[in-house]
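> Need the 3D shape of this:
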Amino acid sequence: MTKLQEARGHQRTDGPLTIKKQRRGLPAALLGTVRYGLSANLSRQTADGQFDCSIDTSDRFANSIIMAKPARPDLIFLSIDDLLADAERLRCGSYEKAGQWDLPMILDHLGKAMEVPSPVQKPVPWPVSVIARAFIRRMTRRGIYPSFKIRAPKAMQPTPNIPLETADAAFRAAAGKMKSFTGPTVEGTPFGPLPREDFVKLHLLHGAHHLSFLRAV
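Okay, the predicted model is just below:
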């Protein structure tokens, strides 16, 4: 077995996605350029359709299990409403936490990432933005979120110890704003203008990726 074959045989396959599928269609140099550009800048339902959050969640981590892999690796959202409903189910009860971020941190991060105009002051420079938009289009068409780690820009990183109510309110406001978009293009993203369909699918994939590390119990 060659060193290359040995390396490929040990590629990561855990989690909702696999790195093999991503690298098969994108040259390593191109993928590295996109990664550089991104890292540098980047229940119970009542009759009226609302969730009952009256239960006491103060001890939600008392029996939490810290797992090494995503709790729900096959999680998929087909709509913004699906994303909101899943977050609400987790908010209304206890959950297992597979990663380092709890629900408030995840919601805070997702809300900041969805915000338009983006909180990232410095947009991704050209030509990285062009490559990034092509990468996003390919990703959303295939429905595959990258499994390699991308460090979020500081403006999108979760606020330490943020209250759940604060993070949830900002997350829902950003998701509601995204849901209200009607034009063909979304302006004000870190990558420049994106087709509305790509913008929404990107954040559905992003939301499923992070929320897959939590599981209601």
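
> What residues sit buried inside stretch 157-168?
P158, I162, L164, A167, D168 (16 or more other C-beta atoms under 10 Å). Just so you know, the C-beta spots here come from the backbone N, C-alpha and C atoms, and that holds for glycine as well.

> OK, contacts around the residue nearest to the first one when sequence neighbours are not counted?
Counting by C-beta to C-beta, 6 or more residues apart in numbering, the nearest residue to P158 once its immediate chain neighbours are dropped is M105, at 3.8 Å. M105 makes contact with P158, T159, I162, A167 under the criterion C-beta atoms under 8 Å, 6 or more residues apart in numbering.

> Can you list which of those are found in helices?
A167 (DSSP state H).

> Between the contacts of M105, which sits nearest A85?
In terms of C-beta to C-beta, no member of the contacts of M105 lies closer to A85 than A167, at 16.9 Å.

> T140: neighbour count?
Look at T140: counted by other C-beta atoms under 10 Å, it has 21 neighbours.

> I meant to write R151 there.
When neighbours are counted by other C-beta under 10 Å, R151 comes out with 12.

> so where's this protein uncertain?
By pLDDT under 70, the low-scoring segments of the chain are 1-68.

> Show me the helices in it, by range?
3-9, 19-25, 28-41, 80-91, 103-114, 128-142, 164-180, 196-211.

> how many other residues sit next to Q121?
11.

> Apart from its chain neighbours, what residue comes closest to it?
Nearest residue to Q121 in three dimensions, chain neighbours excluded: A155, at 6.8 Å (C-beta to C-beta, 6+ apart).

> What residues does that neighbour make contact with?
Per C-beta under 8 Å, 6+ apart, neighbours of A155: K112, S118, P119, V120, Q121.

> so who does the first one touch?
What it means is K112. Neighbour list for K112: P119, A155, M156, Q157, A170, A174 [criterion: C-beta under 8 Å, 6+ apart].

> now with 7 Å?
P119, A155, M156 (C-beta atoms under 7 Å, 6 or more residues apart in numbering).

> if I look at it, how far off is Q157?
8 Å (C-beta to C-beta, to the nearest Å).

> same thing with the fourth one?
Between V120 and Q157 the computed distance is 11 Å (C-beta to C-beta).

> cool, F148 as well?
18 Å.

> Do I have it right that F191 meets S129?
Yes. Here F191 reaches S129: they are 4.9 Å apart, a contact under C-beta atoms under 7 Å.

> Give me the more crowded residue out of these two.
Using other C-beta under 10 Å, the more surrounded residue of F191 and S129 is F191, with 25 against 19.

> Quick one: neighbours of G143, just the number.
Residues near G143, counting by other C-beta under 10 Å, number 13.

> again with V130
Neighbours of V130 under the rule other C-beta under 10 Å: 14.

> and if you look at A173?
Neighbourhood size, A173 [other C-beta under 10 Å]: 13.

> Which residues are in contact with it?
Neighbour list for A173: empty [criterion: C-beta under 7 Å, 6+ apart].

> switch the cut-off to 8 Å
A173 makes contact with G111, according to C-beta under 8 Å, 6+ apart.

> Distance-wise, check it relative to K112.
11 Å.

> Also P119?
Applying C-beta to C-beta to P119 and K112 gives a distance of 6 Å.

> With adjacent residues omitted, what lies nearest to G143?
Per C-beta to C-beta, 6+ apart, closest to G143 is L205, 7.0 Å.
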